[in-house]
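Novice: Build me a model:
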Amino acid sequence: MTEERKEPPSPRHNPCLFGHEEALLRVRRAMERERMPHAWLLRGPKGVGKATLAWHLARELLAGPEGWKSCHDPDDPLFRQVASGAHPELYTLEGEGRAERRSDEIPVGEVRALLERLAATPSRAGYRVVMVEEADRLNRNAANALLKMLEEPPRGVVFLLVARMPAALPATIVSRCAQLLLRPLAEERVAAALRTLLDLPAERAAALASLSGGCIGRGVELAAGRFLEVYGRVLEGLATAASPADLLAVAGELRDAGGDRDGWSGFALLGEVLRRAVRAEAGMPPAVELVPRERAALAAVAARHPLDRLAALWDKLQALARRGEALHLEASRALIVFLDELAAIPEPGGGR
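Specialist: Alright, predicted model coming up:
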């Protein structure tokens with residue numbers, strides 16, 4: 001029976017904030033002291049919660065201190081205005097029409113149109129908020145136009161820039177922003193978030209949290225891709241592979257993992273198998289089994305190789321995946337070659 005999966009809200013529609021209290025308090029203190037920087041840059045790994053915090057801050061900036069508690073209630077008028085894009089003092093740079101342009105960039109025309117809108121008289125007292133949820137997608141001309149606004153910011157406007165790769169932004173933009181660096185969360189907090197957002201059983205949430213690297217978004221992605229199910233099939237296949245046909249079946253599972261065009265998500269999954277096998281062989285078996293009988297299957301994989309060889313294979317896999325993704329190479333053939341080396345299929349009669 002297929003498990004019914006609850007869809008998590010987008011950052012814009014998410015009333016919940018998990019962790020990052022220090023960053024939130026820093027912005028609140030600036031508001032209370034009326035010493036608000038004109039721009040904040042939110043940094044951190046993918047899925048850590050940058051966009052969710054940015055929309056949380058946007059609501060609080062628009063509501064003011066007296067509305068901090070109520071503005072995150074989905075029934076609150078301000079929450080609904082922000083969620084629908086109808087708030088008169090909220091502006092976004094989102095790269096609209098990307099499909100037609102066949103580009104993921106935010107073009108300069110959108111920044112210039114924003115500047116014209118900001119020149120109008122505000123409809124109310126308080127802050128106006130500009131949200132740039134993927135600031136590292138600004139093209140060069142758009143970044144230069146935004147820089148001019150940051151150098152001479154309109155009165156009462158606060159820019160919220162979210163960037164997974166701040167190095168892609170001009171240093172002049174970064175230097176004009178107060179920075180909020182978000183760090184990975186503890187596994188327990190990620191598990192609690194996954195239980196709330198996806199309505200997951202505690203055991204499954206804990207397993208996904210252990211793979212998330214402290215990033216809720218990563219846990220959500222793993223749940224959506226049915227990572228645990230695929231992981232279990234791949235691990236069992238590697239533990240019991242006895243023929244080239246068995247390896248091809250494993251390669252097929254890995255090739256389809258994640259559904260990305262070039263197939264490199266399968267390398268991330270295989271890397272997790274190797275990482276956990278290395279730790280298990282080194283006397284650090286997983287505290288939480290991702291799938292039933294995982295410890296026994298990891299031991300079967302580790303039994304094919306000494307610990308130093310397993311570790312070397314893991315390093316080789318990581319390097320191969322980095323090169324392949326950077327060069328947009330197709331992963332299927334590399335997976336088969338690597339699996340053949342990893343499996344060390346016994347020769348007929350018991351040889352290795």
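Novice: Break the chain down into its structural domains.
Specialist: As given by automatic domain parsing, the domain ranges for the chain are 11-181, 225-343.
Novice: Same list (those) but as CSV, adding mean pLDDT and distance to residue 187.
Specialist: C-betas here are computed from N, CA, C, even on glycine. Shown next, in CSV, are the domains of the chain (pLDDT from 0 to 100; distance: least, Cβ to Cβ, whole Å):
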stretch, mean pLDDT, distance to residue 187
domain 11-181, 91, 12
domain 225-343, 75, 9
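Novice: burial measure for residue 175, as a count.
Specialist: Neighbours of residue 175 under the rule other Cβ atoms under 10 Å: 11.
Novice: quick one: it from residue 146, how far?
Specialist: Residue 175 sits 13 Å away from residue 146, taking Cβ to Cβ, to the nearest Å as the criterion.
Novice: just residue 192 next, same as before
Specialist: From residue 192 to residue 146 the distance is 36 Å (Cβ to Cβ).
Novice: Have a look at these two and say which one is more surrounded.
Specialist: Between residue 192 and residue 146, counted using other Cβ under 10 Å, residue 146 has the larger neighbour count: 28 against 19.
Novice: what helix or strand is the residue lying closest to that one once chain neighbours are set aside on?
Specialist: Spatial nearest neighbour of residue 146, excluding adjacent residues (Cβ to Cβ, 6 or more residues apart in numbering): residue 111 at 5.3 Å. Assigned by DSSP states H and E, residue 111 belongs to helix 108-118.
Novice: Need the contact partners of that helix.
Specialist: 91, 93, 95-96, 128, 130, 138-139, 141-142, 144-146, 149, 154, 157 (Cβ atoms under 8 Å, 6 or more residues apart in numbering).
Novice: and the residues you listed, which are buried?
Specialist: By neighbour count, with 16 or more other Cβ atoms under 10 Å, the contacts of helix 108-118 hold 91, 93, 95, 128, 130, 138-139, 142, 145-146, 149, 157 as buried.
Novice: Looking at the residues you listed, which is nearest residue 10?
Specialist: Set against residue 10, the nearest of those by Cβ to Cβ is residue 95 (15.6 Å).
Novice: List the residues that contact residue 40.
Specialist: 27, 57, 158-161, 177-180.
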